[in-house]
Every structure is written in structure tokens, then in C-alpha cells.
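1. Predicted model and sequence below, questions to follow.
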Amino acid sequence: MGKFSKRDSSEIIQPVRSVVPIQPYNGFLGVMPSYVAADGILCTKMVTFYQRAEGSSLPSTQATVLLFHPERGHITAIMDGEAITAKRTAAVSAISAKLLMPALSEVLCILGSGQQAKSHYDVFTNVFKFKEEWGSKTLSQPNLCWRS
Ligand SMILES: NC(=O)C1=CN([C@@H]2O[C@H](COP(=O)(O)OP(=O)(O)OC[C@H]3O[C@@H](n4cnc5c(N)ncnc54)[C@H](OP(=O)(O)O)[C@@H]3O)[C@@H](O)[C@H]2O)C=CC1
Ligand SMILES: O=C([O-])C1=[NH+]CCC1
């Protein structure tokens, strides 16, 4: 991610995500390949994400990350993409907030209580200090204020 941000295109090949709509089910399949020759990393994330009906118990995002042997082409690891997606997305948000948020920001407000809400709460309270934290009761964090 650090190398990608430096925009050194000779070091990382990371095409824009290809997305296949799964129209009848309000979903998408995304394919996210990447190659970093210097680090010997060849991988792709495969992710499906859906607009679920309210109250659905199905996850909205499911992902797997495949790691390949760059020289031989075989798969060397199949990793849980959900944990990686949760941490990656929250980390990127925190970098954006670090660069863009006003210096005197004192209140954190998290909408929703799913995977991303949890990982964003964890990363943001780790990286920044807030006077107040607002969010859903179901996030169940000790410092969190909520209204029913
Ligand atoms: N840009 C990126 O890289 C990424 C984007 N995302 C996006 O972030 C969003 C959250 O993802 P994630 O945390 O994994 O999803 P989860 O399914 O874990 O959580 C979804 C949250 O949305 C709420 N929700 C779902 N449907 C409705 C609805 N119809 N009305 C009101 N609330 C609803 C749920 O409430 P309740 O708990 O009450 O059901 C829950 O709090 C998704 O839109 C996903 O596509 C996710 C990962 C990466
Ligand atoms: O890029 C990603 O990992 C995702 N985008 C939407 C849901 C997951």
C-alpha cells in the first residue's frame, strides 16, 4: 500500500478492480490483482459484495486473497480476505482522515455496526484521540455513547 501511494508504477502493477454485476441478487464480484516484483508478491483478492435486505443475516462482503509463486505460477496461500478487507479498508480511511480532517476534530461518529464499523472503530481510536465517541449500542465499546 505504501509503495502504491508513492505512485511508483515501476514497482507495483495494480490494475483498477474489475467488477461483475450480479444483478438479480443486488451483488457484485470484484477481482483485485496485484504484482510487486521487488517483493516477489503476486496476488489477487476475490470479493463478493451485496446490498442485503434489512435484517438479513447474510454477510454483505465475503473475500478470499490468493497468493501465487511469481516464477512458477502456482498458488502458495489462500487467505481469509474478510479479515484483510476489514483492516485494509479502515487503515485507508484513517490515512485519509489524517490528511483531510480538521486539526480540532474531537468527536468520532460510527454509522452501522457491521465488520467495517468495528474495524474503523478499532483503527480510529488507536490512531486518534477523541473527546466523544458516538455509535450504535451493538458496537458495544466501553467509551461509546449511543441514543436509542
Ligand atoms: N470500499 C471498500 O474497500 C469497502 C467497502 N465496503 C462497504 O462497506 C459497507 C459495510 O460493509 P461491512 O461492514 O462489511 O458490512 P456488514 O454486513 O458487516 O455491516 C453492514 C451494516 O449495515 C447495516 N445495514 C445493512 N443493510 C441495511 C439496511 N437495509 N438498512 C439499514 N442498515 C443496514 C447493518 O445493520 P444491522 O447490523 O442492524 O443489520 C450493519 O450495521 C458495505 O456497503 C460494503 O460494500 C466494505 C469493505 C471494503
Ligand atoms: O474493495 C473491496 O474490498 C470491497 N469493496 C466493496 C466491498 C469490498
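-> Received, thanks. Ligands and ions are numbered 1, 2, ... in the order given.

2. CA only for contacts and neighbour counts going forward, please
-> OK.

3. Which residue ranges of the chain form helices?
-> In the chain, the segments counted as helices under DSSP state H are 2-5, 81-100, 115-127.

4. got the angle for the second one vs helix 115-127?
-> What it means is helix 81-100. Here helix 81-100 points in a direction 50 degrees away from that of helix 115-127 (axes from the mean of the first three to the mean of the last three Cα atoms, to 10 degrees).

5. How much space separates the residue nearest to the spatial centre of the chain from ligand 1?
-> In the chain, the centroid-proximal residue (Cα atoms, centre = their mean) is Thr89; its distance is 2.4 Å. Distance, Thr89 to ligand 1, using Cα to the nearest ligand atom, to the nearest Å: 5 Å.

6. repeat for Pro70
-> 25 Å.

7. Outline the domain layout of the protein.
-> 2-81, 101-147 (automatic domain parsing).

8. would you turn those domains into CSV with distance to Ala94, mean pLDDT and mean neighbour count?
-> Output for the domains of the chain, formatted as CSV (distance: least, Cα to Cα, whole Å; pLDDT from 0 to 100; neighbours: other Cα atoms under 10 Å):
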stretch, distance to Ala94, mean pLDDT, mean neighbour count
domain 2-81, 14, 92, 14
domain 101-147, 6, 90, 14
